[in-house]
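Engineer: okay, sequence plus prediction incoming.
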Amino acid sequence: MSRRRVVVTGLGLVSPVGIGVEPSWSALVAGRSGIGPITLFDASTFPTRIAGEVKGFDPTQFMDRKEARRNDRFIQFALAAADMAVKDSGLDMAKEEPERVGCIVGAGIGGLGTIEEEHRTFLAKGVRKIGPFFIPSLIINLAPGQISLRYGMKGPNYSPVSACATGNHSIGDAMMIIERGMADVMVTGGCEATITSLGVGGFCAARALSERNDAPEKASRPFDKGRDGFVAGEGAGILVVEEYEHARRRGARIYAELAGYGASADAYHVTSPSEGGEGGARAVRMALRDAGVNPEQVGYVNTHGTSTPAGDVAECQGIKAVFGDHAKKGLMVSSTKSMVGHLLGAAGGAEGVITVLAIARGVLPPTINVDDQDPQCDLDVIPNTAREVRVDVAISNSFGFGGTNAVVLFKRV
């Protein structure tokens, strides 16, 4: 049986630089930062007091007040981005077989804000005051669960959980399900909302975050000598992916083909990347093989690029190992985390949306804050200014704590 092709027909994005695909894309292309002082809780005593918050988000624009109250912020983001993506795709569930439409959306941590809030209530008022929606509000698979309930999607429905690789694992799994014929359409991506006292406090304790509190918009600086850790972000990125002939039959607009997927483990360290980025490099090679693409055909890499001292170097080393001379002669890479921060479990979903748009619109978003590029990160990182250039093949890297790596490859149809 020939392999079924998978294409992207819908996009949705909730990010620190905009609510919606167009506001977010415009900001990214303009090189605008969404990093600022934390407002979601009192961070005045924290070593890090900055983050990439989603500003002005009103869940009642996407759901009624009762539904908003019953769902943690990460699920609200997922529902909002799914609403955008489904509308963008033109998918009409009344014309689809519900069993042939599924949803795979993950998060890295889940409803941490709900856990903190309900724990405070429990300590102050006792067990009888814990809310009845406490558990459904916090568990990660309720993001795709709530999306399926809204649209009546009865196909495969679950959540990968792989830290910062979650979004890409979700997209890759959705691709494989369509390829195998288990579904025709999948809603997929990632979501996260962990800018809370425990979330930020935990990353502070791990000494993972930038402490550039006096200049938030300059704090996330991948590939720059002055980088001092990542900046936490939040949001959701959702894609509608479907079998190519199914998309053509219903006259859907096709953004790009989802053609390759790679996944690997470092088996090296809980938080540090393997030496030379070899684990991530293996996932990239797997995605290239899966797509039947030669390294020289890739024009753009949306890197994991978190702005950590070790991580950025390892990723660049891995890219050079995979792409050889092409890494220095034609390949362009950038980190959009320089503008939105690290969306953790939502990163792969958001960066998948961005990578697809880079192909569809012929514009590559920049890496901002590259003032003194690290010589160990000696690639074309599209410093500070977006670039208008056609690329036919692009990949998106996501690597997570635990040494988990996931890479997806998109190409022009």
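Structural biologist: Yep, that arrived.

Engineer: okay, S396: pLDDT?
Structural biologist: Per-residue pLDDT puts S396 at 98.

Engineer: wouldn't it be in contact with T355 here?
Structural biologist: Yes - S396 sits in contact with T355 when judged by C-beta atoms under 8 Å, with a separation of 4.5 Å. Using the backbone N, CA and C atoms, a C-beta is placed for each residue, glycine as well.

Engineer: in three-state terms, label I238 for me.
Structural biologist: At I238 the chain is in strand, as set by DSSP: H, G, I helix; E, B strand; the rest coil.

Engineer: returning to what we had before: look at S396 and T355 and report which has more neighbours.
Structural biologist: Ranked by neighbour count (other C-beta atoms under 10 Å), S396 and T355 place S396 first, with 30 against 27.

Engineer: tell me how far the more buried one lies from G260.
Structural biologist: As judged by C-beta to C-beta, to the nearest Å, S396 and G260 stand 11 Å apart.

Engineer: just K329 next, same as before
Structural biologist: With C-beta to C-beta as the criterion, K329 and G260 are 22 Å apart.

Engineer: could you do S89 as well?
Structural biologist: Per C-beta to C-beta, S89 is found 21 Å from G260.

Engineer: same question, K337
Structural biologist: Distance from K337 to G260, by C-beta to C-beta: 22 Å.

Engineer: wait, P16 touches I50, no?
Structural biologist: No - contact between P16 and I50 fails when scored by C-beta under 8 Å: they sit 11.0 Å apart.

Engineer: isn't there a helix covering G113?
Structural biologist: Yes - with three-state DSSP as the criterion, G113 is located in a helix.

Engineer: returning to what we had before: name the residues contacting each of P16 and I50.
Structural biologist: I35 (C-beta atoms under 8 Å, 6 or more residues apart in numbering).

Engineer: residues touching the nearest residue to A107 once chain neighbours are set aside, list them.
Structural biologist: Excluding the flanking residues, the one nearest A107 by C-beta to C-beta, 6 or more residues apart in numbering is G345, at 4.0 Å. When contacts are counted by C-beta under 8 Å, 6+ apart, G345 touches 106-109, 161, 163-164, 166-167, 190-192.

Engineer: go on, H304?
Structural biologist: 164, 280, 311, 315, 335, 337, 347, 397-399.

Engineer: so which residues of the stretch 101-250 of the chain form strands?
Structural biologist: 101-106, 157-158, 185-192, 235-243 (DSSP state E, counting those that start in this stretch).

Engineer: tell me the strands beside the last one, with direction?
Structural biologist: So that's strand 235-243. strand 6-15 (antiparallel), strand 185-192 (antiparallel) (DSSP bridges).

Engineer: which residue ranges make up the domains of this protein?
Structural biologist: The chain breaks down into these domains under automatic domain parsing: 7-249, 260-411.

Engineer: mind checking what secondary structure the closest residue to R180 other than its chain neighbours has?
Structural biologist: Ranked by C-beta to C-beta, 6+ apart and with sequence neighbours excluded, the top spatial neighbour of R180 is R4, at 7.9 Å. What three-state DSSP gives for R4 is coil.

Engineer: R4 reaches G181, doesn't it?
Structural biologist: Yes - between R4 and G181 there is a contact under C-beta under 8 Å: 6.5 Å.

Engineer: neighbour-wise, which of these two wins?
Structural biologist: For R4 versus G181, neighbours defined as other C-beta under 10 Å are more numerous around R4 (16 against 11).

Engineer: distance check, the more buried one against E97.
Structural biologist: R4 sits 16 Å away from E97, going by C-beta to C-beta.

Engineer: please apply the same query to K411.
Structural biologist: 28 Å.

Engineer: rewinding a little: could you point out which of the strands of the stretch 101-250 of the chain sits nearest S33?
Structural biologist: Of all these, strand 235-243 sits nearest to S33, with 14.4 Å by C-beta to C-beta.

Engineer: what angle separates the closest one from strand 101-106?
Structural biologist: For strand 235-243 against strand 101-106, the angle by axes from the mean of the first three to the mean of the last three C-alpha atoms, to 10 degrees is 150 degrees.

Engineer: before we move on, the earlier item: so which of the contacts of H304 belong to helices?
Structural biologist: 280, 311, 315, 337, 347 (DSSP state H).

Engineer: out of these, which comes closest to I115?
Structural biologist: A347 (21.4 Å).

Engineer: any low-confidence regions in the chain?
Structural biologist: 1 (pLDDT under 70).

Engineer: what segments of it are helices?
Structural biologist: Assigned by DSSP H, the chain shows helices spanning 21-29, 65-70, 73-89, 112-125, 134-138, 142-151, 166-179, 197-205, 244-249, 278-291, 309-323, 337-340, 347-361.

Engineer: dump those into CSV; add distance to N157 as well.
Structural biologist: Converted to CSV, the helices of the chain look like this (distance: least, C-beta to C-beta, whole Å):
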stretch, distance to N157
helix 21-29, 24
helix 65-70, 18
helix 73-89, 12
helix 112-125, 21
helix 134-138, 14
helix 142-151, 5
helix 166-179, 11
helix 197-205, 26
helix 244-249, 19
helix 278-291, 24
helix 309-323, 32
helix 337-340, 27
helix 347-361, 16
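
Engineer: right, so of the ones you listed, which gets closest to V101?
Structural biologist: Nearest to V101, of all those, is helix 142-151, at 7.5 Å by C-beta to C-beta.

Engineer: now do stretch 60-80: distance from first to last residue.
Structural biologist: 10 Å (C-alpha to C-alpha, to the nearest Å).

Engineer: now that stretch: buried residues?
Structural biologist: For stretch 60-80, the neighbour count (16 or more other C-beta atoms under 10 Å) marks 62-63, 67-68, 70-80 as buried.

Engineer: which residues touch the nearest residue to A252 once chain neighbours are set aside?
Structural biologist: Excluding the flanking residues, the one nearest A252 by C-beta to C-beta, 6+ apart is T9, at 4.3 Å. By C-beta under 8 Å, 6+ apart, T9 lies in contact with 88-91, 240-242, 247, 252-255.
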